[in-house]
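Asker: Structure for this input, please:
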Amino acid sequence: MSIVTIRNVEFLNNPARFLDPYHFRVTFECIAALKEDLEWRLIYVASPGNAELDQELDDCLVGPVPIGVNAFEFEGSPPSPQNIPPEDVLGVAALILTGSYKDQEFVRVGYYQNTEYDNEEMKSTPPSQIQFDRLVRDISAKPRVTRFQIKWDVSPQGGTLTATGAATSAAVPSANDLEGDNSTEQQLNGTPSTSS
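Answerer: Here you go, the predicted model:
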């Protein structure tokens, strides 16, 4: 059982120019008051085969976190063009939002980002030199959520909590479908849904 559960991630500027900052709102629920802040990181992955090229775009601390539904807005810098191999600029990349408590990652929300030129002519015949000021990005609305069980130093009201380092992963139909859909809720909690 997790003390913190993400309810929604809403990108406030999608689609956008490639060089625009990322701006989004994260809504999460906390079932016990936390002693420490939550740390959130935004990571851009252009080359999945080479972790050294991953770019941490920004991070922020959120706290104190009270019991209940909480939300915050996060603005992250765009990726540095000079750190992306030219062959990995266009097409699909990954954007990852992680949540950690006391240096323990408890959730990872991954999105596909498609990057292309802003007009048909450049799409069909890309220039030999990448023109970053002409690129647009579009982040998919279907994230992949992975939860990690961690050692929380708090207990939910009226109960105890034990967690040992396991991870669960489930495809999420849409971050906007989190409310009122029991099958999605079960998948997000790591229990396979029995409905089709």
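Asker: can you map out the strands along the protein?
Answerer: Using DSSP state E, the strands of the chain run over 4-11, 16-17, 22-30, 38-45, 55-62, 68-76, 91-101, 104-117, 135-139, 144-148, 167-171.
Asker: how big is the angle separating the fifth one from strand 68-76?
Answerer: Between the axes of strand 55-62 and strand 68-76, defined by axes from the mean of the first three to the mean of the last three C-alpha atoms, to 10 degrees, the angle is 140 degrees.
Asker: Could you report the separation of Met117 from Ile67?
Answerer: If you look again at residue 117, you'll see it is Tyr, not Met. 47 Å (C-beta to C-beta, to the nearest Å). (C-beta placed from N, C-alpha, C; glycine too.)
Asker: Same drill for the two, tell me which one is more crowded.
Answerer: Tyr117 (19 against 15; other C-beta atoms under 10 Å).
Asker: Run a quick neighbour tally on the nearest residue to that one once chain neighbours are set aside.
Answerer: Nearest non-adjacent residue to Tyr117, counting by C-beta to C-beta, 6 or more residues apart in numbering: Lys123, 5.0 Å away. Applying other C-beta under 10 Å, we find 11 residues neighbouring Lys123.
Asker: Need the per-residue pLDDT for Lys123.
Answerer: We note a pLDDT of 96 for Lys123 in this prediction.
Asker: Tell me the spacing between it and Pro15.
Answerer: When distance is defined by C-beta to C-beta, Lys123 is 14 Å away from Pro15.
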